[in-house]
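**Student:** Test case, fold it:
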Amino acid sequence: MTAVETQMTYSNSYTIQHEEHHQYMTQEDDWDRDLLLDPAWEKQQRKTFTAWCNSHLRKAGTQIDNIEEDFRNGLKLMLLLEVISGERLPKPDKGKMRFHKIANVNKALDFICSKGVKLVSIGAEEIVDGNVKMTLGMIWTIILRFAIQDISVEETSAKEGLLLWCQRKTAPYRNVNVQNFHISWKDGLALCALIHRHRPDLIDYSKLRKDDPIGNLNTAFEVAEKFLDIPKMLDAEDIVNTPKPDEKAIMTYVSCFYHAFAGAEQAETAANRICKVLAVNQENEKLMEEYEKLASELLEWIRRTIPWLENRVAEQTMRSMQQKLEDFRDYRRIHKPPRVQEKCQLEINFNTLQTKLRLSNRPAFMPSEGKMVSDIANAWKGLEQVEKGYEEWLLTEIRRLERLDHLAEKFKQKCSMHESWTGGKEDLLSQKDFESASLMEIRALMRKHEAFESDLAAHQDRVEQIAAIAQELNELDYHDAATVNTRCQGICDQWDNLGTLTQKRRDSLERVEKLWETIDQLYLEFAKRAAPFNNWMDGAMEDLQDMFIVHSIEEIQSLITAHDQFKATLPEADKERMATMGIHNEILKIAQTYGIKLSGINPYTTLSPQDISTKWDAVKHLVPLRDQMLQEEVARQQANERLRRQFAAQANIIGPWIQTKMEEISHVSVDIAGSLEEQMNSLKQYEQNIINYKSNIDKLEGDHQLSQESLIFDNKHTNYNMEHVRVGWEQLLTTIARTINEVENQILTRDAKGISQEQLNEFRASFNHFDRKRNGMMDPDDFRACLISMGYDLGEVEFARIMTLVDPNNTGVVTFQAFIDFMTRETAETDTAEQVMASFKILASDKNYITVDELRRELPPEQAEYCITRMTRYIGSDGPSGALDYISFSSALYGESDL
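**Tutor:** Numbering: from 1, shown residues only. Prediction:
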């Protein structure tokens, strides 16, 4: 702000009450017209007053050259008064006649009188006639009124106040002794001392010499004109060569220094206030940017992770699915925990930012769309829901693949046995051997066919089992279902063909049976008994080699019981074997007794006694092997049961411990005593104790992993699973962190608002007294009772207004933090938008706008550029190009308008 611009503030701040309370023209300030007879003084006054007038007229784009001539028509005189007062004068007469000029001068003189100035012996005619004495007197009167009158130091008069100001500013300087406004200034040192006192960078005072008055004066004139915007109003030679320089000229020139430097001090104060406000705003903006960045990164991670967890494309092999399960475990152990911490830190940063904004009287921070804390919480909730479903799907798929592998192997085994049995049966059924056979052979063929039909019926159940297994494999979406279907279809088609061929051969044999009557009953009986027994042995061998899947000791015990029951049937089966072998022995006995030569082949069956004995030996061999397999499975299930009990023993301790700690934390912010710092230390120690318990969680995670690797999916010994413990642990860490953050915010509130510890303790005691549920929250009725107990006189409207402050989201409760914020807002004081506007107005020399140069001159570079980039263009007609609107900027800092 320039010195000339600063001078305008003295006219704007002037009030007419000075005319009532203060006689402006005191006797000692009366115009001494006799002194104008001194040519040297007249010359000095002409130059000084002319320069002073031009310093103001140049703002209106004009100037004067001859002081007694250029004011004669009154036009520039009226313009001068408008510039220095900031007010509009009556419209001037445009004529060039003498009475027009007199009318314009009278308008100017009337305006001067309206400001409480008594004009003694100064008339409009004398000014119009170019009377130098009267013109200079009038200009001096204007200077006194608008440039010197408002100078006051310790309630002195204008002249004495200006002199006292000069004496105080120059007191520390050698060879300077200001006692008046004439000879005290002749050597130029007093002017140089004034400049050096306020701007030591402009003059090296140590190099000035008292014996060089002209050099000192010219140095002061040049520096003031170049750097302080104070025009040169005096000549060094005139001052030095005049025994007593003109007092009024010196006062006029020195008053310019007073206004220049006094305005700078005001500007410095205003700049400091603005810097403070802008520093707070910059810090808050930095926190907002950090929140936005952290929120964006967390939401992006959630956005990338959810599609991976939503991918339900099952792998075709157990190994691939187990790898997916291992990838999911890595996600839970490695990738997710840091994001849990980020989410917690994000909430803490958001709460801290809102507290700082509230403490600095700024509007609450509203994150970008989709980045609210609630948005992040919803996204996190969606992630955890998908995560839970993904784990359940993985386990279900592993069970499905396990079942599929079992069924596929069983299908192959049954198909192989069936195909082995059916091999060659179609060719056998298609033979025409009965056409050339003997009677005995025909009978043998007939009995053989009957035995085949019995065998075929016995195999019907196996075919149905094969079809049922194939159907189940299809229903479970087996990856090689096409091969299974093809093989099953081939077996079914072959089975249908066997049925057709069997029926055709029976028809043929029955046709010739009437022709052939001989049959060997013993061979037939052997075949009939051997075939079912052989099928029984096939079934027994199949059961003894059947694979099994169990998940508990009860299930394996059930299989052992069934096996024991099977072993109990072996004696009866041995009897059947002996009976069947007895038939064969009877055949051999009859043949030997009656000398019958046997061919060695039973015509009714392909089974031989050797086949029966071989299969019987195989059954007896498989029984102990089955015993061994079942006992090994018992050992495995017992190991699994130990893992279940080991996990349950820890989970039944950790789960209640977490619940207990959650309940303790919910009361700790209400029940804890001492200062906030002591509370903070206590809570952090509490937090450390919780963190130290993490090793128990990790050990439980290890037991959980062992259980899953052993394919243990249930545990009847505990109601807690690993997911419950993980969620509880994460909630516990988040809750203690939020509680610590609340105490930190209370410390911020206390320090920022100047609230004493005793006041905070009083607030806490009042809150605890009315927190009847002991849950850290008050109902509206309890809150009203609390306010009344603290001396508030509440009506319904006032209480409704207060509730909108402490419960803006209409949750129906008042938290302790909201209560503290309300009480500190009632007892503390902060900067306001009006104070910032007033500070900018000082920097702008009372204008409604401010320029870029003024901001860069008065504020530090960083703060100045901050304002320049954020202020909008001033749209008023009275502002120059590039002017900035500091009023809307100040309002926007406090949320009162859009920047």
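**Student:** could you give the mean pLDDT of stretch 508-517?
**Tutor:** The pLDDT scores in stretch 508-517 average 59.
**Student:** How about stretch 133-148?
**Tutor:** 81.
**Student:** Buried residues, it. List them.
**Tutor:** 133-148 (16 or more other CB atoms under 10 Å). Just so you know, the C-beta spots here come from the backbone N, C-alpha and C atoms, and that holds for glycine as well.
**Student:** Return the closest of those residues with respect to Asn104.
**Tutor:** Among the buried residues of stretch 133-148, Met138 lies closest to Asn104 (CB to CB), at 13.5 Å.
**Student:** so that closest one makes contact with Val120?
**Tutor:** No: using CB atoms under 8 Å, Met138 is not in contact with Val120, being 10.7 Å away.
**Student:** So what's the model's average confidence on whatever helix or strand Met537 lives in?
**Tutor:** Per DSSP states H and E: Met537 is located in helix 521-544. Mean pLDDT, helix 521-544: 84.
**Student:** can you pull out the strands in this structure?
**Tutor:** For the chain, the strands defined by DSSP state E cover 777-778, 814-815, 872-873, 884-885.
**Student:** Identify, out of those, the most deeply packed stretch.
**Tutor:** strand 777-778 (a mean of 22; mean count of other CB atoms under 10 Å).
**Student:** quick revisit: could you check how far the helix holding Met537 is from the centre of its chain?
**Tutor:** Helix 521-544 sits 77 Å away from the centroid of its parent chain (CA atoms, centre = their mean, to the nearest Å).
**Student:** likewise stretch 642-659?
**Tutor:** Using CA atoms, centre = their mean, the distance between the centre of stretch 642-659 and that of its chain works out at 35 Å.
**Student:** With stretch 326-345 instead?
**Tutor:** Chain-centre distance of stretch 326-345: 17 Å, with CA atoms, centre = their mean.
**Student:** again with stretch 631-646
**Tutor:** On CA atoms, centre = their mean, the centre of stretch 631-646 falls 47 Å from that of its chain.
**Student:** could you dump that stretch to CSV, C-alpha only?
**Tutor:** Taking C-alpha atoms only, stretch 631-646 is exported to CSV below (Å, rounded to 0.1, in the frame of the first residue of the first chain):
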residue,chain,number,x,y,z
GLN,A,631,-8.0,-98.9,11.8
GLU,A,632,-5.8,-96.4,9.9
GLU,A,633,-8.8,-94.2,9.3
VAL,A,634,-9.7,-94.4,13.0
ALA,A,635,-6.2,-93.1,13.8
ARG,A,636,-6.6,-90.2,11.3
GLN,A,637,-10.0,-89.3,12.8
GLN,A,638,-8.6,-89.4,16.3
ALA,A,639,-5.9,-87.0,15.2
ASN,A,640,-8.5,-84.7,13.7
GLU,A,641,-10.5,-84.9,16.9
ARG,A,642,-7.4,-83.7,18.8
LEU,A,643,-7.0,-80.8,16.4
ARG,A,644,-10.7,-79.9,17.0
ARG,A,645,-10.2,-80.0,20.7
GLN,A,646,-7.0,-78.0,20.5
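**Student:** surely Phe770 meets Met778?
**Tutor:** Yes: counting by CB under 8 Å, Phe770 does reach Met778; the two are 5.5 Å apart.
**Student:** joint contacts of those two?
**Tutor:** Taking CB atoms under 8 Å, 6 or more residues apart in numbering as the criterion, Phe770 and Met778 both touch Cys786.
**Student:** Not counting sequence-adjacent ones, nearest residue to Val132?
**Tutor:** Using CB to CB, 6 or more residues apart in numbering and skipping the chain neighbours, the partner closest in space to Val132 is Glu68 (4.7 Å).
**Student:** Can you check the pLDDT for that neighbour?
**Tutor:** Glu68 is given a pLDDT of 79.
**Student:** For the stretch 551-700 of the chain, just list every one of the helices.
**Tutor:** 553-568, 570-594, 609-671, 676-692, 694-709 (DSSP state H, counting those that start in this stretch).
**Student:** among those helices, where is the model least confident on average?
**Tutor:** helix 570-594 (a mean of 79).
**Student:** Which strands or helices does it pack on?
**Tutor:** helix 521-544, helix 609-671 (3 or more CB pairs under 8 Å, 6 or more residues apart in numbering; DSSP states H and E).
**Student:** any idea which of those helices is most buried?
**Tutor:** helix 521-544 (a mean of 19).
**Student:** ok, back up a step: quick one, which of the strands of the chain gets closest to Met547.
**Tutor:** Across these, closest to Met547 is strand 777-778 (CB to CB), at 60.7 Å.
**Student:** Please list the outside residues in contact with that closest one.
**Tutor:** With CB under 8 Å, 6+ apart, strand 777-778 has contacts from 767, 770-772, 786, 813-816, 819.
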